[in-house]
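Visitor: here is a sequence together with a model predicted from it:
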Amino acid sequence: MPVTVRDVRAFKERGERFTMLTAYEAQSARLLDEAGIPLILVGDTLGMVVLGYDSTLPVTMDEMLHHTRAVARGATNALVVGDMPFMSYQSSIEEGLRNAGRFLKEAGAHAVKLEGGARVVDLVARITEAGIPVMGHIGLTPQSVNQFGGYRVQGRSDEQAHQIVADAKSLEAAGAFAVVLEAVPAPVAAEVTRTLHVPTIGIGAGPDCDGQVLVWHDFLGISDGKLPRFVKRYAEVGEQIKQAASAFAAEVADGTYPGPEHTYT
Ligand code: KIV
């Protein structure tokens, strides 16, 4: 049975911890689906891990819709969440509502995610009223990297921590069905998780969130460079790809590939 937002709420009611992973195309969505991952996020991390931008800011609606369509074609059970890119919802409620609708109408997503607390609650309410489930995202919101002055843990001061709890409550009141907490101290995430009736999904937010999310290239060991502390690599696919490519090159060079079994007679 396909996962719905009711199932996501029920995970929390039953105290069942759950997972979300990002995907950007059909085959990886199919694999996550077959692994039983209930939520697939087509994150705007697309810009960095797939398209080679150095932040999520350049990502466009067209790019997000293109990749969300591919994911929706690959996933049959998971709830597919489309991430609203920078400036697709910041300038007006009407534009935000129209773009949220495009994820469902044109790309086959089941829900959208957008970043921000108090400043987006009116929009969240409008999108939800239109029948589009919304996932909130607070703490370190990468679309505001320039305002934060870098990718920094949020909520370390009492004032910031209170703001995060207040933002989470406002998002829930506006109708969000879940809230992502990114890079916040574990005690703050625990407090938000205790306070909300809808589930929290943590990324760098400690063990007490209702769910956890990781990015495809990070959890598979494809990303390089210095990774945030919260990333756990569950495989070393990047190394395997390099070994496979070298093996292919070597076999072509020495004439081992293609062999008779790969050749039409
Ligand atoms: O864009 C993304 O992949 C995200 C996750 C890091 C939560 O927002």
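Guide: That came in fine, so what should we check first? Just so it is clear, the model here is predicted, and its values are computed rather than measured.

Visitor: did I read that right, Val179 in a strand?
Guide: Yes: Val179 forms part of a strand when assessed by DSSP: H, G, I helix; E, B strand; the rest coil.

Visitor: what sits against it?
Guide: Contacts for Val179 (Cβ atoms under 8 Å, 6 or more residues apart in numbering) come out as 135-138, 168, 171-172, 192, 196, 198-201. Heads up, the C-betas are built off the backbone N, CA and C, glycines and all.

Visitor: model confidence for it, exactly?
Guide: Here, the pLDDT recorded for Val179 equals 98.

Visitor: equivalent analysis for Asp33, please.
Guide: At Asp33, pLDDT is 97.

Visitor: residues contacting it?
Guide: Ile40, Gly74, Ala75, Thr76, Asn77, Ala78 are the contacts of Asp33 under Cβ under 8 Å, 6+ apart.

Visitor: give me that answer again for 10 Å
Guide: The contact partners of Asp33, taken as Cβ atoms under 10 Å, 6 or more residues apart in numbering, are Pro2, Val3, Ala23, Ile40, Val71, Gly74, Ala75, Thr76, Asn77, Ala78, Val80.

Visitor: what of Glu95?
Guide: Met87, Ser88, Tyr89, Leu123 are the contacts of Glu95 under Cβ under 10 Å, 6+ apart.

Visitor: which residue, other than its chain neighbours, is closest to the second one?
Guide: Setting aside the residues directly before and after it, Ser88 is nearest to Asn99 in space (Cβ to Cβ, 6 or more residues apart in numbering), at 4.3 Å.

Visitor: SS state for the one you found?
Guide: helix.

Visitor: and it, what does it touch?
Guide: Applying Cβ under 10 Å, 6+ apart to Asn99 gives the contacts Met61, Met64, Leu65, Gly82, Met84, Pro85, Met87, Ser88, Tyr89, Val112, Leu114, Ile127.

Visitor: state the distance from the nearest residue to the first one once chain neighbours are set aside to Val180.
Guide: Right, the one you point to is Met61. In this structure, Met61 finds its nearest non-sequential neighbour in Ser88, 5.2 Å apart by Cβ to Cβ, 6+ apart. As for Ser88, its distance to Val180 is 17 Å (criterion: Cβ to Cβ, to the nearest Å).

Visitor: quick one, which of those two is more surrounded?
Guide: Legend: neighbour count by other Cβ atoms under 10 Å for Ser88 and Val180, higher for Val180 (27 against 23).

Visitor: report the separation between the more buried one and Tyr89.
Guide: Applying Cβ to Cβ to Val180 and Tyr89 gives a distance of 15 Å.

Visitor: and what of Val215?
Guide: 21 Å.

Visitor: which pLDDT value goes with Lys226?
Guide: pLDDT at Lys226 comes out at 88.

Visitor: do you know how far it is from Tyr151?
Guide: Lys226 is 11 Å from Tyr151, by Cβ to Cβ.

Visitor: same thing with Ala205?
Guide: For Ala205 relative to Tyr151 (Cβ to Cβ), the value is 14 Å.

Visitor: then Asp44?
Guide: Note on Asp44: its distance to Tyr151, by Cβ to Cβ, is 14 Å.

Visitor: more neighbours: these two, which one.
Guide: Just comparing Asp44 and Tyr151: by other Cβ under 10 Å the higher neighbour count belongs to Asp44, 29 against 14.

Visitor: spell out the secondary structure type for that one.
Guide: Three-state assignment for Asp44 (three-state DSSP): coil.
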